[in-house]
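Undergrad: take this sequence and fold it.
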Amino acid sequence: MPRQNEAAFIRGVLQKNESAAAFCESLFRISQTLDDLIDKDNPVTDATLIRTFWEALIELPANPFYRQHEPYLRPLMASALQDWRDSACLERTDNHHYRSIAFVLRDQLATVLIQCAYLVGGYDWMNQVSVPVRQHIHEDTLGDYMASLNRAPEDSQEVDQ
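TA: This is a model prediction of the structure:
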């Protein structure tokens, strides 16, 4: 993520619930900035960093959808963040199996989006959109991901344990 049709896709999955879409888009932007900071594959400007902190500390907690469903969403967000952190650690190894696990763990925000679909549309709606959500978010193949990890060891840094 994101793609050209990202906003329309999210709104479709979330049945045009604007506060739910704003919550997910905010969460995705925050996570992308964190990913760029840790992977160092895209520069993060001071303005982007300040905006991301503002979004994480001020806007996301004030979002009406998040406020209504915070007891349900916060544990999912915690799990997704821990999965991403573990993925960042595992992809820095030379072990093919661990890197495969990293590939699986890295995009768990798909689960958050799917659960938001449940919150706006119920069980049947969640089941209708869950596979398309995973297809949309997990667009990279394992082969492409593994090839992107084949970089010089000096470019790789550990994530603090």
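
Undergrad: all helices for this protein, in order.
TA: Counting by DSSP state H, one finds helices in the chain at the ranges 6-13, 18-39, 46-54, 60-62, 64-90, 96-105, 109-137, 142-149.

Undergrad: elements contacting the helix or strand of the chain with the lowest mean pLDDT?
TA: In the chain, no helix or strand scores lower on mean pLDDT, DSSP states H and E than helix 142-149, which sits at a mean of 90. Packed against helix 142-149 by the contact rule (3 or more CB pairs under 8 Å, 6 or more residues apart in numbering; DSSP states H and E) you find helix 96-105. Heads up, the C-betas are built off the backbone N, CA and C, glycines and all.

Undergrad: the helix it packs on: which residues count as buried?
TA: For helix 96-105, the neighbour count (16 or more other CB atoms under 10 Å) marks 98-99, 101-103, 105 as buried.

Undergrad: so can I have TSV of these showing pLDDT and distance to residue 40?
TA: Below are the buried residues of helix 96-105 laid out as TSV (pLDDT from 0 to 100; distance: CB to CB, whole Å):
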residue	pLDDT	distance to residue 40
98	96	20
99	95	18
101	95	22
102	95	17
103	93	19
105	93	20
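
Undergrad: phi first, then psi, for residue 16.
TA: phi 60, psi 20 (degrees, to the nearest 10).

Undergrad: distance of it from residue 66?
TA: Going from residue 16 to residue 66 by CB to CB, to the nearest Å gives 17 Å.

Undergrad: circling back: for the least confident helix or strand of the chain, which residues meet the burial criterion?
TA: Applying 16+ other CB under 10 Å to helix 142-149 flags residue 145 as buried.

Undergrad: neighbouring contacts of it?
TA: 91, 96, 99-100, 103 (CB atoms under 8 Å, 6 or more residues apart in numbering).
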